[in-house]
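S.K.: Have a look at this prediction, sequence included:
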Number of protein chains: 4
Amino acid sequence: MPTGIWLIGGRGSVAVSSIVGALAVRAGLAPPTGCVTELPELRDAVLTGFGDLAFGGHDPASIPLTKKAEALAVAGVLPSALVAAISADLAAVDAEIRPVPTAATQAETAELLVADLVSFRNRRALDQLVVINVSSTEQTPPPHPAHASLARLDGVLRSGRPILPWSALYAYAAFRAGCSYVDFTPSTGARLPALAELAEQCGVPYAGHDGKTGETLVRSVLAPMFAHRHLRVLSWSGINLLGGGDGANLTTPGPNAAKLASKQRVLAETLGYQPQGTTRIDCVDDIGDFKTAWNLITFSGFLGSTMRMEFTWHGCDSALAAPLVLDLARITAAAQAAGRVGALTDLAFFFKDPLGDVRHGLAEQWQALTAFVAGLDARA
Amino acid sequence: MPTGIWLIGGRGSVAVSSIVGALAVRAGLAPPTGCVTELPELRDAVLTGFGDLAFGGHDPASIPLTKKAEALAVAGVLPSALVAAISADLAAVDAEIRPVPTAATQAETAELLVADLVSFRNRRALDQLVVINVSSTEQTPPPHPAHASLARLDGVLRSGRPILPWSALYAYAAFRAGCSYVDFTPSTGARLPALAELAEQCGVPYAGHDGKTGETLVRSVLAPMFAHRHLRVLSWSGINLLGGGDGANLTTPGPNAAKLASKQRVLAETLGYQPQGTTRIDCVDDIGDFKTAWNLITFSGFLGSTMRMEFTWHGCDSALAAPLVLDLARITAAAQAAGRVGALTDLAFFFKDPLGDVRHGLAEQWQALTAFVAGLDARA
Amino acid sequence: MPTGIWLIGGRGSVAVSSIVGALAVRAGLAPPTGCVTELPELRDAVLTGFGDLAFGGHDPASIPLTKKAEALAVAGVLPSALVAAISADLAAVDAEIRPVPTAATQAETAELLVADLVSFRNRRALDQLVVINVSSTEQTPPPHPAHASLARLDGVLRSGRPILPWSALYAYAAFRAGCSYVDFTPSTGARLPALAELAEQCGVPYAGHDGKTGETLVRSVLAPMFAHRHLRVLSWSGINLLGGGDGANLTTPGPNAAKLASKQRVLAETLGYQPQGTTRIDCVDDIGDFKTAWNLITFSGFLGSTMRMEFTWHGCDSALAAPLVLDLARITAAAQAAGRVGALTDLAFFFKDPLGDVRHGLAEQWQALTAFVAGLDARA
Amino acid sequence: MPTGIWLIGGRGSVAVSSIVGALAVRAGLAPPTGCVTELPELRDAVLTGFGDLAFGGHDPASIPLTKKAEALAVAGVLPSALVAAISADLAAVDAEIRPVPTAATQAETAELLVADLVSFRNRRALDQLVVINVSSTEQTPPPHPAHASLARLDGVLRSGRPILPWSALYAYAAFRAGCSYVDFTPSTGARLPALAELAEQCGVPYAGHDGKTGETLVRSVLAPMFAHRHLRVLSWSGINLLGGGDGANLTTPGPNAAKLASKQRVLAETLGYQPQGTTRIDCVDDIGDFKTAWNLITFSGFLGSTMRMEFTWHGCDSALAAPLVLDLARITAAAQAAGRVGALTDLAFFFKDPLGDVRHGLAEQWQALTAFVAGLDARA
C-alpha cells in the first residue's frame, strides 16, 4: 500500500528529521525508536511499511534537505554518520519539496495546491496521500461568518479577500484532492465548520492538533495521577525555554497565545478544575533544537498538608516529533483506507489539543488508540 | 456495617494520621482529600462510612495518641486546630491501642494476638475487622522449609523456635481470627505459601505490599509514558532523603534492602527491561516527616538522540499514606463481606510491590480497582 | 545609642516580621539567625543593641500588627508561640504606625511627614532615626527636569503638581528631618540628583536598592564562579513564582519592569557581558509568602563543550528580608553617627541594585561591608 | 621558558583532553575558555605560553592518543573537527606517553621513573617539568611508620616491600628528579611527612588535591553565601551520577571513601559546623563523561523559618578538568622558577581538598591565587 506524506513546511526541522528517519529505518540503519506504530500492540495492524512511504511537500525556504540535515547533525539532533549514509536518498526527496504556490485569490491558490497533491499522488502511484502540517504556528484568525458554511466559504475564497489562514487553506485543498489531513501544530487547520462539512463531502478523515512531545506529554500522565489519588492541585506553573526558529516564533504574541491555549486544556479537563498558574515560553537561541521545560506543582493532601513536585524535561523537539509524524501518517492512511471520514478523535494520544470531547489521560488515550487501530485491521 | 481497623504500629505517624483523619472527616471538620474511596467512581459502592469505623491496635510504644498527634502538628503534618478539636475522640481510641503481647512460643503469642482481635471485634460488635501493618519495615527473613506448608509451620511455631517475622505472625493470627490482613510495608506479611494456604482455609482476603506514596507513585505513571511512546529508558536513578524514625530505620541494611527491592519492580515490569541505575535512601533528621525524592531519567529517542528528565517530589509520607490506609480498610472489608478470599491482586493501585503478576501502570491499576469495587457492589 | 526605625509600609509582611523579630531577639526568645550584624566579623562594631531599637512607621492599611503577625504565623512565616509571647510589646508598637498623611501639595505632604519623623524622634529621645522603605514596588516615574536640581524640585513640589513618587518624597522628607534613608525596594527612593544634593546639604547618608534575598543572592555567588573559572555563560533564564500582595503587585506591568531591571544588573556587571535569557515573575496565590525561583544556566567550557546548571530556591521572602532590614538600620545609624554623608555604596552586600559603580560578587561585597563597618568603629 | 607536563595516566580522558586542548589553542583553533590563567588578572604574569608546553607521560594502557581523542569526540567531549585538525600533532605526542615501568623494589621502580623524567626533560631541553597525576583515584593506604621519615622510607623502599601507593611513588620520583608535582586526584600524592621532607630537600614545590570541577565548586560559593548571610544550614545532601571508567572506579569502596572524604571538607570548614547529610556517587554508564550532581540544602532563617535550595549540575568532567591541568602546570612551573618550595597552599582555588589550613570560599581562594601569581611576577 504505497502511501505518500506531503509535508507543509517540508524543509523544516521536524520534516527533515521525519524524512531522514524514515529513510534510515527503511535502510536498516536505525531502529524505529519513538515510533509507537512499531510497538507490539500496533505493529501487526494494516499499516504501510517504511519502505512504502513517499515524501513530498511545500516550503517557502529553499535550503537543500541535505544541508538542513547536516545542520541538524551539527546541532546534535541527527547522527552525522546517518545523514551521510542516506544523503543520496535524501537528495532524491529534495526534488519533491516545492515552493509554496500563490495566486490572486485563495480559491486559485487552493487549486494550485490541489494540482501539486494530485500530481504527486499520480506520479508516484500512491494509494493514499496524507497532508501533514509541520510548519510554524500561526496566530488564531479573527472569526468570520464564512468559516461556518462551506457554501459561503467557497464564495469568499473566490472573492480575492483572504479568509483562511494557510493551515486551513491546506486542509481545504487536501480535502478537495481526496487527501487526509493532519495538523501537528496548534494552528487552525481543519477546525472550522465549513471544513468539517467539506471533509464529510469528500469522504476523508483528518486529525490534530499540536503534537504532544514534552511538557504536555508529562502533564498528561501526572494530572491523572493527582486526580486518581484524590489530591488537590493548588497550582501548576511552568516555563519552556527553547531556541531555533520555533523559539523565536512562539514568543511572538499571536502564535504564543495559540500555543498556550493548546497547552492549557489538559489540566482543566483532566482535573475537573483549573489550578492557578500559567505556562511561559521564552526563546533562548543557545538551546537550539533542544527544549527545557520546568514545572512546579503544589498540591494539597489529607487534612490540608501542602506538598510540591517539580520536573525538568530536557528534550529534542524534532526527535520527539518526527516519529509521531510517521505514526500519524501511517495510521491516518490506514483509517482512510478503512473508510473512516471526519475527525479522528481516537488519535488524541498524539496531541496536546485533540479534536473532540476526549479524555486527556495518556493511558486512556493509549487504550483508545490501540482499539482504534485494531478496529481498522478487523475491517480490512 | 461497623468495621474495625486494627493497626500494627498503632501509635506511629501513619496510624495516628489515619485515626485523626477519620475522626476529623467523621466530625465534618475536614474533607476526605487523598481518600480515593471518596472519588465519584468508588464512593457509591458498598463501603463502610467514616462514622462506622472503629480503631484498635498494638504498639510497643506507650506515647499517648494525643501527644503523638500534637507532635505531628508541630512537624506540620497535621493542623493543630484539628488535633485540638478531636482530642476527646482521640483519647477514647487510645484505650484500644494495646502493648504487643509476647509468650514463650510464637504459637502462644499468636493465640494472644487472636484473643485481642476477637475481643475487640466482639466488644465493638464489628461486622468486619481488618488488620493493617503500618509498623517499621523489617528485613527479609532467611528462607525456611516450614514457610512452604501450613502443617510444618504450625509444628515449628509450637516448638519455641522463632520462624516468622512479626508481620507474618500477625497475618497468621489475623487469618486464624477470621480477619482480613493488609500489609502497607515491604515486610513479609502474608507472602508465604503456608499463609496463603491458611487464608484459603479461613476464607479471608489479604492485600499488600508497601503503600505507594511518592517516588514509586510517580514512576508508575512516567514509566508507562516512556513505554507507550516507544522511548528507550537508558538509566533511572534516584535518591530519597527522609527523616524521622522511618528514615533511620530505612537506612539500616536489612530494611533498606527490603525497601529497595520493593521499589525496583515497577521499572522492569513496566518497561520490559531493567534500565541502569539504583535508588538510594538517606536519612536526614531535619526533614522530619517530609520526604524529598529526586530522580534522573535519561532516555533515547528517534535516531539515537539522548534526552533527560528530572523530578523532585517533596511530600509528607504520613499525609499521603493515611488516607490510603482508610481506603484499604474500607475496600478490604467490603471484599471480605462479598466473600473474596486470598490475595486481592486488584488492589495493586495502592502498592509499590503488589501481590500477583499484575500491571504496574497506575492508569491500568486504577481501572482494575474501579472494576473490582464495582464487582463487590453488584454482588451485594 | 537609642535608634529609631521608621518603616514605610509598617503594617506589611516585611515590616511586621522585622518588628516581631527584633522584639523576640530582645526578649531572648529567638536567636538572631539571618542578621549579618550578629556575625563575629560585625558584632563588635558600634552597632545599636536590639534593646535600643524603637519602631514607628506609616501605612495606609489599618490592620493591627498583632492581627498581621497572627496571619503570618498561619502562613508559616512566623512561629505562632513567638507571636503570642510578644503580643503585648507588639501592641505597644502599633500606636506608632500611623496613617499616611496627605495634603494639597507634595511640599505640604512632605512637611507632614517631617513632622511625624521629628515628633517620633523627640518623643522617644532617639539619637538616630532611619527611614526604611519596605512598601510595594512602584513603577519608575517619567523623567522630569526638576529631578535634576534641588532648587527646581522645591519649586515644583510647592506648585501642587505631583512630581515625586512616594518613595522619593519620603527620602526628601527624611533628609529634611535629618534622618537617614534606606530603600529596600527597587523604587526611585533617593536616586535623583536633586535628592543627592539634598542629602549632602542635610549631611545624612542613604542606602539602597532592593533587598537581595533570593534568586539574585544566589546569582551574586554563581556569576563570579563562572567568571573566575573562565567559563562562558551562554544563557541564564529564570522564573519566580510568588504569592501574596507582593506577587500580585510585581506582575502588574510598571512594578514588574522596575523589578526586572533591578534583577538584571548582577549578571552583566559580574560577567562583563549580558548572557541571553530573562527572568519572569508570576503570581501564584497559593504559594503565599514563600517564593520559588528556578534558574537555568547554560555555559560553554574548554573546546566548546556545552554544560548546564539548574537551581531551585524555595524561600520565605519576609523571613529573609526582615533581618536585613534590622541590619541596615543598625549600620546606617552607625554610619550617620560616624558622620558619613550621601550614598553608602559599601552596603552593596544587601542589595540587588546597589548604589554606585560597585562590584556584584557577594564575597567582594562582604569584604567591603566588613571593612566599612570596621571603619565606623575606628572613627568612634 | 619551555615547560614540560608529565601526565600520570597520560592516555586517560583528562590527559587527552588537556593535550588536545593545548595543541588546539596553540594552533589558534580554539579559545582558551576554562583556562583561568588566560583571564586578565593572571594572563600577564610570568607564565609559559601554550606554544612552549611539551607533553609526556606514563600510562599502563596502550590506546593511541588519536583513537582516544576520537572516542572522546563521539562522546561529545571534544569537537571532532578539532581532533581531526590536530591529529598529526597528537600523534607526535603519542611517542612520549610510555608504559609504566616496574622493578623488583619500589626503590628501583622510582629510579626508572626518575630516568624517564630526566630523559624527557633533557631531550626536550625543558626549563621545568611538572608531574601531574590524572590517573584513577586510589584507596587511602594503611598508615605506616615509614611514611613519617624520609630515612625510614628510603630503607623500606629498598626492602622490596611495597610501602607507597603509586601516586606517592610518583611524587617521590618527581622530587628526586627535581620536578614539581601536582595531584589532581584525591590520592595520597605528596601528603606524607617523609615526602614533604624530600620536597624541601630537593627544593621543589607541589600542589593538590583533587581538582574542583563540579559539585564541590558550586558548594565552595554557596556555603560562604549561607555563612555570610548568617543562615543556618540544617542539611546538605547530594548524589553524583557519572559514567565511564571514573564512575566505575569511584563506586568501588576504597576510592569511594577517599573521594567522599575529599568532598566533605568544604562544608564543615566554611560553615564552621558539619550539617547533616552525605554525598553519594553512583555509576551510570550511559551518562559517560558527563556527570549529573544534585544537591538539596535545607536551611533555617530568621525566627526559625525553614527554607530549601536544590541544584543540578550537568557538566563534562574532562572538559572542566583539562584547562585546570594546564593552569596548574603553568603556575607550578612559574612557582618553581621563582624558587617556591614545598606545598603551594595558595592554589586552593583549584582543589576540593587543598593542602594546608586554608579558606574554602572560592572568592577568597581566587584572591589568594591572584596575589600568589602576582608575587611570582614581582620576584622575576
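M.R.: Yep, that arrived. Numbering: from 1, shown residues only, chains lettered A, B, ... in the order given.

S.K.: which residues of the stretch 1-150 of chain A fall in strands?
M.R.: Secondary structure of the stretch 1-150 of chain A (DSSP state E, counting those that start in this stretch): strands at A:3-8, A:53-58, A:97-98, A:128-133.

S.K.: what mean pLDDT does the shortest one have?
M.R.: If I follow you right, that is strand A:97-98. The pLDDT scores in strand A:97-98 average 96.

S.K.: related to what we said a few turns ago, switch the strands of the stretch 1-150 of chain A over to JSON lines; also include distance to B:V266 and mean neighbour count.
M.R.: Bear in mind the C-beta positions are built from the backbone N, C-alpha and C, glycine included. Converted to JSON lines, the strands of the stretch 1-150 of chain A look like this (distance: least, CB to CB, whole Å; neighbours: other CB atoms under 10 Å in any protein chain shown):
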{"stretch": "strand A:3-8", "distance to B:V266": "37", "mean neighbour count": "28"}
{"stretch": "strand A:53-58", "distance to B:V266": "36", "mean neighbour count": "23"}
{"stretch": "strand A:97-98", "distance to B:V266": "45", "mean neighbour count": "19"}
{"stretch": "strand A:128-133", "distance to B:V266": "35", "mean neighbour count": "28"}
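
S.K.: Please list the residues of chain A that sit near chain D.
M.R.: Within chain A, the positions near chain D by CB under 8 Å from any CB of the partner chain are A:76, A:312.

S.K.: show me where pLDDT drops low in chain A?
M.R.: Counting by pLDDT under 70, chain A contains low-confidence ranges at A:46, A:245, A:378-380.

S.K.: Any idea how many residues pack against the closest residue to chain D within the stretch 201-350 of chain A?
M.R.: For the stretch 201-350 of chain A and chain D, the shortest gap (CB to the nearest CB) falls at A:T312, measuring 7.5 Å. A count of neighbours around A:T312, defined by other CB atoms under 10 Å in any protein chain shown, yields 20.

S.K.: ok, now A:F302?
M.R.: 30.

S.K.: A:L82 now?
M.R.: With other CB under 10 Å as criterion, A:L82 counts 20.

S.K.: A:V16 versus that one, what's the distance?
M.R.: As judged by CB to CB, to the nearest Å, A:L82 and A:V16 stand 12 Å apart.

S.K.: try A:I63
M.R.: Distance, A:I63 to A:V16, using CB to CB: 9 Å.

S.K.: Got the phi and psi for the closest residue to A:I63 other than its chain neighbours?
M.R.: Of all residues not flanking A:I63 in the chain, A:R11 sits nearest, at 5.5 Å (CB to CB, 6 or more residues apart in numbering or on different chains). A:R11 adopts backbone torsions of phi -110, psi 10, taken as degrees, to the nearest 10.

S.K.: and A:R11, what does it touch?
M.R.: A:57, A:59, A:61-63, A:65, A:68, A:97 (CB atoms under 8 Å, 6 or more residues apart in numbering or on different chains).

S.K.: Need the residue in chain A that's farthest from the chain's center.
M.R.: When distances to the mean C-alpha position of chain A are computed (CA atoms, centre = their mean), the maximum falls on A:L303, with 42.5 Å.

S.K.: State the distance from A:K68 to chain C.
M.R.: Separation of A:K68 from chain C (CB to the nearest CB, to the nearest Å): 21 Å.

S.K.: same deal with A:I132?
M.R.: With CB to the nearest CB as the criterion, A:I132 and chain C are 32 Å apart.

S.K.: Same question for A:L347.
M.R.: A:L347 is 33 Å from chain C, by CB to the nearest CB.

S.K.: pretty sure that residue contacts A:A334?
M.R.: No - when contacts are counted by CB atoms under 8 Å, A:L347 is not listed as touching A:A334 (11.4 Å).

S.K.: So for those two, which sits in the more crowded spot?
M.R.: A:L347 (27 against 24).

S.K.: Now do the contacts for that one.
M.R.: A:L347 makes contact with A:207, A:328, A:331-332, A:354-355, A:369, A:372, according to CB under 8 Å, 6+ apart.

S.K.: mind redoing it with 7 Å?
M.R.: Listed by CB atoms under 7 Å, 6 or more residues apart in numbering or on different chains, the contact partners of A:L347 are A:207, A:328, A:331, A:369.

S.K.: How about A:L303?
M.R.: By CB under 7 Å, 6+ apart, the contact set of A:L303 is B:21, B:24, B:30, B:78-79, B:82, B:319.

S.K.: go on, A:P255?
M.R.: Counting by CB under 7 Å, 6+ apart, A:P255 touches A:136-139, A:249.

S.K.: ok, A:I63 and A:V16, which is more surrounded?
M.R.: Between A:I63 and A:V16, A:V16 has the larger neighbour count (other CB under 10 Å), namely 31 against 15.

S.K.: three-state assignment of A:V182?
M.R.: The three-state label given to A:V182 by DSSP: H, G, I helix; E, B strand; the rest coil is strand.

S.K.: Pretty sure it sits against A:T332.
M.R.: Yes - using CB atoms under 7 Å, A:V182 makes contact with A:T332 at a distance of 5.7 Å.

S.K.: separation between A:L126 and chain D?
M.R.: For A:L126, the distance to chain D - CB to the nearest CB - is 39 Å.

S.K.: Ignore what I typed, I meant A:G12.
M.R.: 25 Å.

S.K.: Just give the nearest non-adjacent residue to that residue, would you?
M.R.: Nearest to A:G12 is A:V134, by CB to CB, 6+ apart, at 6.1 Å.

S.K.: can you pull the contacts of that neighbour?
M.R.: Here A:V134 is in contact with A:7-9, A:12, A:14-15, A:184, A:325 (CB under 7 Å, 6+ apart).

S.K.: Throw those into TSV and include distance to D:K263, thanks.
M.R.: What follows is those, written out as TSV (distance: CB to CB, whole Å):
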residue	distance to D:K263
A:L7	51
A:I8	54
A:G9	49
A:G12	46
A:V14	43
A:A15	48
A:F184	47
A:V325	46
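
S.K.: In chain A, where's the longest helix?
M.R.: helix A:317-337 (DSSP state H).

S.K.: Any part of that one near chain B?
M.R.: Yes - residues of helix A:317-337 contacting chain B under CB under 7 Å from any CB of the partner chain: A:319-320, A:322-323.

S.K.: Run a quick neighbour tally on A:P142.
M.R.: 6.

S.K.: cool, A:T102 as well?
M.R.: By other CB under 10 Å, neighbour count at A:T102 equals 11.

S.K.: And it, how far from A:I163?
M.R.: Counting by CB to CB, the gap from A:T102 to A:I163 is 15 Å.

S.K.: The contacts of A:R11 in helices, which ones?
M.R.: A:65, A:68.

S.K.: need the contacts of A:R11 in TSV with distance to A:H228, can you?
M.R.: Converted to TSV, the contacts of A:R11 look like this (distance: CB to CB, whole Å):
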residue	distance to A:H228
A:G57	42
A:D59	44
A:A61	46
A:S62	51
A:I63	47
A:L65	45
A:K68	43
A:I97	45
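
S.K.: any idea which of the contacts of A:R11 is the one closest to C:E111?
M.R.: A:A61 (67.9 Å; CB to CB).

S.K.: which ones are touching the residue nearest to A:E38 when sequence neighbours are not counted?
M.R.: The spatial neighbour of A:E38 that comes closest, neighbours along the chain excluded (CB to CB, 6+ apart), is A:P32 at 4.1 Å. Contacts here follow CB under 7 Å, 6+ apart; on that basis A:P32 touches A:25, A:38, A:323.

S.K.: the helices in the stretch 101-250 of chain A, which residues?
M.R.: In the stretch 101-250 of chain A, the helices defined using DSSP state H, counting those that start in this stretch lie at A:106-123, A:150-159, A:166-176, A:193-202, A:215-228, A:244-250.
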